[in-house]
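K.L.:
structure, please.
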Amino acid sequence: MLKSPFFPEVAVLLGDPRLADHSKREGTFHDEDLATRDSMKAAFASLQGYGFRYLDDHAMMLDALRRDPPQFVVNFCDTGFANDPYRELNLPAYLEMLDVPYSGAPPAAMVLAWDKAVVRAVAAQLGIAVPAEVYIRPGDEIAALPPDRYPAFVKPACADGSVGITVDAIVHDQAAAHARIQQLRAELPGRAILVQEFLPGAEFGVGIIGNPGRQMTVLPPLEVDYDNLDPALPRLLGFESKALPDSPYWTDVKFREARLDTGDRSAIEAAAVTLFERIGLRDYGRFDFRTGADGVIKLMEVNPNPAWSNDGKLAFMAGFASIEYRDMLRMILEAAQVRAASERGLATG
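P.N.:
Reported below is the predicted structural model:
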């Protein structure tokens, strides 16, 4: 814990509840979204030595940052500027132009992590196990998969908040794959699509807080608990689990500390640390893995600036380590401030 903050006056950037947000049900903010903000604000308010202000009006945000640059920014705007996920990197880029230090991933890391096919290629080059995959560009003919590659997982190559990933994402034959690809092309025109080997085994998350060369905390891995989910439903954390409170994926899917042997746990933690540094994440990140039919645990996604909410995966992993929510946020803030202070030549001990 820092004896005193390097940058005590902090602005927190958030998504704009006045605007549409297609990562939420009905494309708009709801009470549960605002409740997570209230929990976050209460946690930050309990931290000594800081003053916080909150910016979520995107029509005014850029002017406000330019006119009155904060000492430091916590970038919790995971919706993207104007709630456009394609513009999530624009805010950190703007902060760099203003020379305002901020928490979380820089624009270059966001670009890399945004494209799941690029992340897969990087991971494979590093020797990290990944699922078999077919990349389909907009307008490409839909290639047939070998029959033994079904079931398959069809998803957008670039998306956030599980947009484009629903119960229909798991397909069992060529006809279903073709129909799902056509549906995604209608919903998300102009985007590439991935057809992946479906990984039917246990699903894990690894969370990291800190930075390479400084203190890094690897949180206890999380396992997705599908035990209470109707066996007829696909085992998949998609849009329903994040945005539809009346869905069984919201009510029946839980999280628990991962049941992993020492070797598997060490392997996925090491993969997460390697990818954190190679992709260029900063301050915190989350890495999702799933077990294939062959028993091999394979990388699914790299998540820079993962969900900061008190009911998100990162908070659950912190809880497994007996880290309270307020202290998880403090750890992220302090990791970012120590890094930023060091980058500016301030003594960090």
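K.L.:
every contact and neighbour count from this point should use C-alpha atoms.
P.N.:
OK.
K.L.:
before we move on, which element is Gly190 in?
P.N.:
Gly190 is part of no helix or strand when elements are defined by DSSP states H and E.
K.L.:
the closest residue to it other than its chain neighbours and Asn211: what is the separation?
P.N.:
Among residues not flanking Gly190 along the chain, Pro138 sits closest, at 5.5 Å (Cα to Cα, 6 or more residues apart in numbering). Using Cα to Cα, to the nearest Å, Pro138 is found at 37 Å from Asn211.
K.L.:
who's more crowded, these two?
P.N.:
Asn211 (21 against 12; other Cα atoms under 10 Å).
K.L.:
what sits against the more buried one?
P.N.:
For Asn211, the contact set (Cα atoms under 8 Å, 6 or more residues apart in numbering) comprises Arg282, Asp283, Tyr284, Ala335, Arg339.
K.L.:
can you name the two of those residues that sit furthest apart?
P.N.:
Within the contacts of Asn211, Tyr284 and Arg339 form the most distant pair, 11.9 Å apart (Cα to Cα).
K.L.:
how's the chain carved up into domains?
P.N.:
For the chain, the structural domains run 9-104, 111-117+120-128+200-340, 132-197, going by automatic domain parsing.
K.L.:
in the lowest-mean-pLDDT helix or strand in the chain, what's buried?
P.N.:
Here the helix or strand of the chain ranked lowest by mean pLDDT, DSSP states H and E is helix 239-243, holding a mean of 71. Neighbour-count burial for helix 239-243, counted by 16 or more other Cα atoms under 10 Å, picks out Phe239, Glu240, Ser241, Lys242, Ala243.
K.L.:
and Val195, what's its pLDDT?
P.N.:
Val195 is assigned 91 on the pLDDT scale.
K.L.:
what's the burial count for the closest residue to it other than its chain neighbours?
P.N.:
With sequence-adjacent residues excluded and distances taken as Cα to Cα, 6+ apart, Val195 is closest to Val154, at 4.6 Å. Neighbour count for Val154, taken as other Cα under 10 Å: 27.
K.L.:
any idea how far Ala169 is from Val154?
P.N.:
As judged by Cα to Cα, Val154 and Ala169 stand 5 Å apart.
K.L.:
joint contacts of those two?
P.N.:
Arg180.
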